[in-house]
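Enquirer: what follows is a predicted protein model with its sequence.
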Amino acid sequence: MNAPVFRRAASAGEGVSRRQLIITATAVGGALMVGCSPTDLLAAGAEGETGPFGAFVKIAPDGAVTLVCKHIEFGQGTHAGLAAIVAEELDADWSKVAWEHAPANAKLYANGGLGAQLTGGSTAINNSWDQLRQAGAAARAMFVQAAANRWNVPAGEITVKDSVVSHAASGQSADFAALLADAANVTPPAEPTLKDPAQFTLIGTDRVRRKDSLAKSTGQTRFTMDVQAETLLVAMVAHPPRFGAKVASFDATAAKAVPGVVEVYEIPTGVAVVAETTWAAKQGRDVLTVTWDEAKAETRSSADIAERFRDLAAGSAALEKGEEWQGFETKGEVAAQADGQALEVAYDFPYLAHATMEPMNCVAQVDGNKAKLTFASQGPTLDQLNVAKIVANLPGAIEIETLPAGGSFGRRANFQSDFVVECVQIARKVGGNRPVKLVWTREDDMAAGYYRPLVHHRVRVTTDTDGYPNTWTHRIVTQSIMKGAPFGGGGVDETAVEGAKGSPYLKATPHVDAQLLTPDAGVPVLWWRSVGATHTAYVMEHTIEQLARRAGQDPVAYRRALYEKAGAKRHLAVLDLAADKAGWGEPAPEGWTRGVAVHESFGSVVAQVAEVKMENGEPKVGRVVTAIDCGTAISPNQIAAQMEGGTCYGLSAALYGQVTLTEGRVDQTNFDTYRVLRHNEAPQVETYIVAQPAGTHPTGVGEPGTPVIGPAVANALLALTGEAITAQPFVKV
Amino acid sequence: MAITLDVNGKPLTVEAAGDTPLLWVLRDELGLTGTKYGCGIAQCGACTVLADGAPIRSCLTPVSALGSAKITTIEGLGGDHPLQQAWVALDVPQCGYCQSGQIMSAAALLEQSPKPTDEEIDGAMAGNICRCGAYQRIHAAIKVASGQAPADASPQTDA
């Protein structure tokens, strides 16, 4: 996902690479220049106390090291990478390192790139790299000093390995447990000495594996859905059938007659049924009678919205009040140069649901102005701000215990904290600090909005005598994701253009006129794994493929020439690696056709070569060779997992994904109508990581694997059929 | 009404209406939360448990329909089942929410076919959705658990 508009934390400027700044600028929607609320304000009311080893490292009496993880674990394996950074610098015994989620506290746990406690923009490892290296190194220095004092030897002669501190000359050694009390009293060094990255022994090895696989393979991981308590009530809410509608009236008689139903409340988002069990809440909710006031509801069909977007891009529909084209890349003289042979192509992308396996849910207890939440909080600072407004308290005083999430892909963080606020509204009605678990059914989740926006692109490219782009005219029409941001705003919504803006293909084109239009619609939209790249990668890569074919050139050779023109060395490296490993240039296996695509997102560059065939009238994807440059690779195993999973997520959308509306009502209700990729449809992904100089700053991994597979498959199908694919999903229901 | 169920080898009596889906009895009444809610219409497989060894979707199975069937949930596999060992060895789970259902479907498959082919695995696992897209490792782990691939078969490769 992408991230909201907060000021960068003051400390985050140190050691931040140019690439990081680009990511950050992308991640905050270009709002860096806007004066925003400082972290201190966001954290008002929060405690600032930490243990002797700081906010991120806890060491138990038995010497066991625990990483306090400021980022939520929702599948991406971030806990392992973050813990490995600390363990590396601390020289801790990796097999005994544990982790736990940090509490909500923007003062201690803000994302260094975003200024708020929030997981998104594939920034977890990236923004924590320096911070956790320092945390681990500081703790190590404290143990070394404690040992030096105890043994009366120079600290410089002491070594640490696998949580054991040793002095070779005197033959003395002690483990962390034995030195803990002394080490805790050593003043932490202000600027601890970091390891030479060339000396890393853990980072980058296959030993850096997840710590939660056993719990997740035995049903022991406690998700929000699994929170139970003696007095816990379960709530379900009847939501309006159209976005923007409100409750006019309701009859709770039948619902209250359901055994187990405790109470029925009207809340701002609908009518809540509160019951003793999940099943009772559902049965009660199912028999509620609600009349809706739809005066302000969105009543258009998605087809109407898409048609208007197409007309706007083509210049055949008039702009309405507040609508204005905004340039995001402009250079040269397109109008004077745009004569001659042109490729003109327009692309349509539908709304997409995140469809996490665990639908949205939350547990809240409210007593007066005190609120405690126990749930998978992706953006604790956002959630604190929104909840604080309801219970009239300071944001930092809102207590959140973060649990692992059954997937998010961006859905669990939004500017309104939609499902969190809904739960708190109900818990406030219940009161008395009694825990209330809000449960959304799959149907609730799918119809609730916060979709990847519907997007239309229109591209016109003229080429030079060698077949390379000379002019590039680009129009993007989509709803703005960042419009609901609490701070900032104005300017181009970077989340709508990232990936087109900054593309090496535009760098290599002399004349560019690229503009964005963001009309409003009543459908809530949100970042969705890889955000703008979900559509820009497709448009850029499928357009380039068509241009390569028109030029009569090999698609890999054509891209290489453009990357050389643009100075895009990282693109070249991943392309060459993927092409080499895939056997590009040699015939594909019998019956299969290859397609290639390359895209940079969240600071990393990914190239894929996909092998595709048609089977029973639908595309079937087999081997997918993936090359990634993500800076220093901390956990190769989990980078591969994210390439495998990200590819499935992107492929699912490209082949099958779409949310449509008919007269404002969402047509898809569940997995029978919102088709997703299944086991028998999954590709075989091979991951190759571009080797980096020691110490290279790590970049994103959770999202960059998602946007490349769609165009890679489309490019294979173009080679197979000669037809471009200008709309997603490829497979029509 | 009082209903007696045989769950993980133990007779357990619960108070529930007969039309209550087994899923909610397991989770809310018996505290066996390893079995997950995902869709409620037998489309995603997150709620899969075994009834006399056969996979059933507990979200659509009323408790009154179970009779004397022996129910096995993820908690009943013991923690060191060959599938669970393979799942850990290959780091299959990502978010993990679907994995109980995945493992129960795979357990039923191995009961039927101790050395399943790729096609048999595809067929048996097609009803279990994983939105994280861990399918490739799920597939590999079933091969490992059934003795058809070495346990150290790490799926990722380096340059």
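Expert: Thanks, I have it.

Enquirer: what's around the residue of chain A found nearest chain B, how many residues?
Expert: With CB to the nearest CB as the measure, A:Gly219 is the residue of chain A nearest to chain B, at 2.0 Å. Bear in mind the C-beta positions are built from the backbone N, C-alpha and C, glycine included. Number of residues near A:Gly219 (other CB atoms under 10 Å in any protein chain shown) recorded here: 25.

Enquirer: who touches it in this structure?
Expert: Neighbour list for A:Gly219: B:32-35, B:73-75, B:100 [criterion: CB atoms under 8 Å, 6 or more residues apart in numbering or on different chains].

Enquirer: now, which of these sits nearest A:His542?
Expert: Nearest to A:His542, judged by CB to CB, of the contacts of A:Gly219 is B:Ser100 at 39.0 Å.

Enquirer: what distance do you get for the closest one to A:Ile639?
Expert: Applying CB to CB, to the nearest Å, the value for B:Ser100 to A:Ile639 is 26 Å.

Enquirer: so for those two, which residue has more residues nearby?
Expert: B:Ser100 (30 against 27).

Enquirer: ignoring the adjacent residues along the chain, who's closest to A:Gln228?
Expert: B:Gly31 (6.5 Å; CB to CB, 6 or more residues apart in numbering or on different chains).

Enquirer: tell me the secondary structure of the one you found, please.
Expert: Of the three states, B:Gly31 takes coil under DSSP: H, G, I helix; E, B strand; the rest coil.

Enquirer: one step back: format the contacts of A:Gly219 as TSV; extra columns: secondary structure and pLDDT.
Expert: Below are these laid out as TSV (DSSP: H, G, I helix; E, B strand; the rest coil; pLDDT from 0 to 100):
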residue	secondary structure	pLDDT
B:Leu32	coil	98
B:Thr33	coil	98
B:Gly34	coil	98
B:Thr35	coil	98
B:Thr73	coil	98
B:Ile74	helix	98
B:Glu75	helix	98
B:Ser100	helix	98
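
Enquirer: so can I have a markdown table of those residues showing distance to chain A?
Expert: Compiled in a markdown table, the contacts of A:Gly219 are given as follows (distance: CB to the nearest CB, whole Å):
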| residue | distance to chain A |
| --- | --- |
| B:Leu32 | 8 |
| B:Thr33 | 4 |
| B:Gly34 | 2 |
| B:Thr35 | 7 |
| B:Thr73 | 7 |
| B:Ile74 | 4 |
| B:Glu75 | 6 |
| B:Ser100 | 5 |
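
Enquirer: what's the neighbour count on B:Val49?
Expert: Residues contacting B:Val49 under the criterion other CB under 10 Å number 30.

Enquirer: and the residue sitting nearest the centre point of chain B, what element?
Expert: Closest to where the C-alpha atoms of chain B average out (CA atoms, centre = their mean) is B:Met104, at 2.1 Å. In the assignment (DSSP states H and E), B:Met104 maps to helix B:99-112.

Enquirer: how about A:Ala653, phi and psi?
Expert: Main-chain torsions, A:Ala653, degrees, to the nearest 10: phi -70, psi -40.

Enquirer: ok, A:Lys501 to A:Val539 distance?
Expert: 12 Å.

Enquirer: more neighbours: which of the two?
Expert: A direct count of neighbours by other CB under 10 Å for A:Lys501 and A:Val539 places A:Val539 higher, at 24 against 20.

Enquirer: which residues of chain A score low on pLDDT?
Expert: A:1-41, A:487-489, A:733 (pLDDT under 70).

Enquirer: by residue count, which helix of it is the longest?
Expert: helix A:124-151 (DSSP state H).

Enquirer: what's that one packed up against?
Expert: Judged by 3 or more CB pairs under 8 Å, 6 or more residues apart in numbering or on different chains; DSSP states H and E, the packing partners of helix A:124-151 are strand A:57-59, helix A:78-90, strand A:158-161, strand A:164-167, strand A:172-175, helix A:176-184.

Enquirer: downstream of the last one, the next helix or strand is which one?
Expert: Next helix or strand after helix A:176-184 toward the C-terminus (DSSP H and E): helix A:213-217.

Enquirer: for the stretch 401-550 of chain A, what spans make up the strands?
Expert: Per DSSP state E, counting those that start in this stretch, the stretch 401-550 of chain A carries strands over the ranges A:436-439, A:455-463, A:469-478, A:511-517.

Enquirer: so what touches stretch B:66-83?
Expert: For stretch B:66-83, using CB under 8 Å, 6+ apart, the contacting residues are A:214, A:217-219, B:5-9, B:22, B:26, B:32, B:34-35, B:49-53, B:84, B:100, B:103-104, B:106-107, B:110, B:141-142, B:145-146.

Enquirer: and the strands in chain B?
Expert: B:2-7, B:10-15, B:48-51, B:54-57, B:70-72 (DSSP state E).

Enquirer: please spell out which residues along the shortest one are buried.
Expert: If you call a residue buried by 16 or more other CB atoms under 10 Å in any protein chain shown, then strand B:70-72 has these buried ones: B:71-72.

Enquirer: and it, how far out from the chain's middle?
Expert: Distance, stretch centre to chain centre, for strand B:70-72: 12 Å (CA atoms, centre = their mean, to the nearest Å).

Enquirer: picking that back up, of the contacts of stretch B:66-83, select the buried ones using a ChimeraX command.
Expert: If you want just the buried ones from those in ChimeraX, going by 16+ other CB under 10 Å, the selection is:
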select /A:214,217,218,219 /B:5,6,7,8,22,26,32,34,35,49,50,51,84,100,103,104,106,107,110,141,142,145,146
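
Enquirer: my guess is A:Gly113 contacts A:Asn126, does it?
Expert: Yes - contact criterion CB atoms under 8 Å: A:Gly113 and A:Asn126 qualify, at 6.9 Å.

Enquirer: more neighbours: these two, which one.
Expert: A:Asn126 (29 against 26).

Enquirer: look up how far A:Val208 lies from that one.
Expert: Separation of A:Asn126 from A:Val208 (CB to CB): 16 Å.

Enquirer: any regions of chain B where pLDDT drops low?
Expert: Ranges of chain B meeting pLDDT under 70: B:153-159.

Enquirer: now do 80
Expert: B:151-159 (pLDDT under 80).

Enquirer: give the helix, strand or coil label for the most far-flung residue of chain A relative to its centre.
Expert: The outermost residue of chain A, judged against the average C-alpha position, is A:Ser170 (51.1 Å), by CA atoms, centre = their mean. For A:Ser170, the assignment made with three-state DSSP gives coil.
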